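J.: sequence and predicted structure, then a few things I'm wondering about:
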Amino acid sequence: QVQLVESGGGVVQAGGSLRLSCAASGDTSSIAGVGWFRQAPGKKREFVVGINWNTGWIEHANSGKGRFTVSKDNGGNTAFLQMNNLEPEDTAVYYCAANNRWGGVPIGDFMYAYWGQGTQVTVSS
């Protein structure tokens with residue numbers, strides 16, 4: 001089992017930045033990658049960006065390209081989502097998820113076995 005805890009959400013003005021953290025604990029050696037997803041009110045959960053834990057390969061959704069960056073701490077078990085130039089449309093609950101089975105960087109939420117509780121990001125105009 002893997003436990004994930006997100007932090008770093010909040011309220012920011014349009015054009016601002018936020019950095020979310022995702023701390024993993026438990027059977028962290030089983031983690032193949034971490035993905036960040038978001039869900040806005042009335043919308044489906046969508047993939048934002050993900051990183052392969054072993055190779056460092058990163059995959060972005062179009063919505064975050066050029067603005068969102070994912071990274072992990074060397075030797076640790078924490079992933080980060082750096083979000084720059086935020087827009088009101090980025091307002092959502094952001095979740096990190098751990099993939100313990102698939103290679104590459106899966107973008108389907110069904111491919112992630114473990115999920116954090118989510119953290120609210122609100123971007124005001």
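T.: Thanks, I have it. Numbers count the residues shown, from 1 in each chain.

J.: which helix or which strand is home to the residue nearest to the spatial centre of the chain?
T.: Of all residues in the chain, the one closest to the mean position by C-alpha atoms, centre = their mean is residue 36, 2.1 Å from it. Using DSSP states H and E, residue 36 sits within strand 33-39.

J.: which other helices and strands does that strand contact?
T.: If you count contacts as 3 or more C-beta pairs under 8 Å, 6 or more residues apart in numbering; DSSP states H and E, strand 33-39 packs onto strand 18-26, strand 46-52, strand 68-72, strand 78-83, strand 92-99. Backbone N, C-alpha and C define where each C-beta goes, glycine included.

J.: how about residue 99: what's its closest non-neighbour residue?
T.: residue 33 (4.6 Å; C-beta to C-beta, 6 or more residues apart in numbering).

J.: list the contacts of the one you found.
T.: Listed by C-beta atoms under 8 Å, 6 or more residues apart in numbering, the contact set of residue 33 reads 50, 51, 52, 53, 54, 98, 99, 102, 104, 105, 106.

J.: distance of it relative to residue 87?
T.: 26 Å (C-beta to C-beta, to the nearest Å).

J.: can you check residue 41 too?
T.: Per C-beta to C-beta, residue 41 is found 16 Å from residue 87.

J.: who's more crowded, the two?
T.: Under the criterion of other C-beta atoms under 10 Å, the comparison of residue 41 against residue 87 puts residue 87 first, with 13 against 7.

J.: buried set for stretch 39-54?
T.: Using 16 or more other C-beta atoms under 10 Å as the test for burial, stretch 39-54 gives 45, 47, 48, 49, 50, 51, 52, 53.

J.: and the strand holding residue 36, how far out from the chain's middle?
T.: Its chain's C-alpha centre and that of strand 33-39 lie 4 Å apart, by C-alpha atoms, centre = their mean, to the nearest Å.

J.: give the partner strands of that strand in its sheet and their orientations.
T.: strand 46-52 (antiparallel), strand 92-99 (antiparallel) (DSSP bridges).

J.: now tabulate these in JSON lines and tack on distance to residue 14 and mean pLDDT.
T.: Converted to JSON lines, those look like this (distance: least, C-beta to C-beta, whole Å; pLDDT from 0 to 100):
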{"stretch": "strand 46-52", "distance to residue 14": "18", "mean pLDDT": "96"}
{"stretch": "strand 92-99", "distance to residue 14": "14", "mean pLDDT": "98"}
